[in-house]
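**Q** Any chance you could fold what I've pasted below:
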Amino acid sequence: MRGEGGFTLLEVLVSLAIFAIVAVGAVGVLGATNGGGFLSGLPTGFATTRAARDITAASVYLNAFEEFVAWKGSANATTGSYCVGDGCSPEVALPSGLSGYPEPPGEAYQLDWTKLDVLIELWYWNTTSNTFTTTNTGLETLTRVRATLTWELQGYSRSVTVDRFIR
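**A** Next up, the predicted model:
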């Protein structure tokens with residue numbers, strides 16, 4: 001039986017001891033990076049992922065809304081300040097020329113939105129200083145649409161704002 005190849009019991013025990021030391025060290029390093037242990041970072045990771053998903057959803061909604069306003073044209077974007085949603089006091093509906101655009105998503109896995117603020121301003125080209133201003137000083141005009149979506153996440157109010165100029 002001495003001619004057969006294989007590992008002795010001593011070799012197997014030494015290799016297991018080396019593996020155990022390496023494994024304990026690796027788990028210790030992973031635990032140290034999270035401050036309180038290996039699994040303590042999971043709630044923070046979930047909250048960060050949810051916040052990033054909410055910011056992405058709000059940004060996509062606002063950019064699509066401003067594309068809608070640009071498609072409708074500045075003639076339908078009546079100058080004024082508008083607020084839609086439960087967080088508005090008082091609620092001011094969007095101009096009739098912009099009606100038909102859906103409210104922000106409100107499913108449980110998406111935004112718990114409270115209000116959509118829309119500011120529409122008419123900006124004029126100042127021919128003497130070559131800048132845009134909100135006072136009527138020239139013939140060239142642009143319409144500024146500033147939309148802010150506000151929502152709640154874990155008891156904190158968060159918001160995203162998007163600006164766009166249209167002709």
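**Q** drop to CA atoms for contacts and neighbour counts, all remaining ones
**A** Fine.
**Q** How far away from the center of its chain is the helix or strand encompassing residue 164?
**A** Using DSSP states H and E, residue 164 maps to strand 156-166. Between the centre of strand 156-166 and the centre of its chain there are 10 Å (C-alpha atoms, centre = their mean, to the nearest Å).
**Q** Alpha carbons only: can I get it in CSV?
**A** What follows is strand 156-166, C-alpha atoms only, in CSV (Å, rounded to 0.1, in the frame of the first residue of the first chain):
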residue,chain,number,x,y,z
TYR,A,156,-37.1,63.6,4.3
SER,A,157,-38.2,65.9,1.6
ARG,A,158,-36.2,65.6,-1.6
SER,A,159,-36.4,67.4,-4.9
VAL,A,160,-35.0,67.6,-8.4
THR,A,161,-35.1,70.8,-10.6
VAL,A,162,-34.8,70.9,-14.4
ASP,A,163,-34.5,74.2,-16.5
ARG,A,164,-35.1,74.6,-20.2
PHE,A,165,-35.4,77.4,-22.6
ILE,A,166,-37.7,77.1,-25.6
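**Q** And that strand, what does it pack against?
**A** Applying 3 or more C-alpha pairs under 8 Å, 6 or more residues apart in numbering; DSSP states H and E, we find strand 156-166 packed against helix 42-72, strand 141-153.
**Q** Distance check, the nearest residue to residue 63 once chain neighbours are set aside against residue 17.
**A** Leaving aside its chain neighbours, residue 63 sits nearest to residue 162 (7.0 Å; criterion: C-alpha to C-alpha, 6 or more residues apart in numbering). Residue 162 sits 59 Å away from residue 17, going by C-alpha to C-alpha, to the nearest Å.
**Q** neighbour count winner among these two?
**A** Remark: of residue 162 and residue 17, residue 162 carries more neighbours, 16 against 12, as counted by other C-alpha atoms under 10 Å.
**Q** Which residues are in contact with that one?
**A** 59, 62-63, 146-148 (C-alpha atoms under 8 Å, 6 or more residues apart in numbering).
**Q** Can you list the strands that the helix or strand of the chain with the lowest mean pLDDT pairs with?
**A** Within the chain, no helix or strand scores below strand 131-133, which has a mean of 75 by mean pLDDT, DSSP states H and E. When pairs are called by DSSP bridges, strand 131-133 turns out to pair with strand 113-126 (antiparallel).
**Q** I am finished for the moment; much appreciated.
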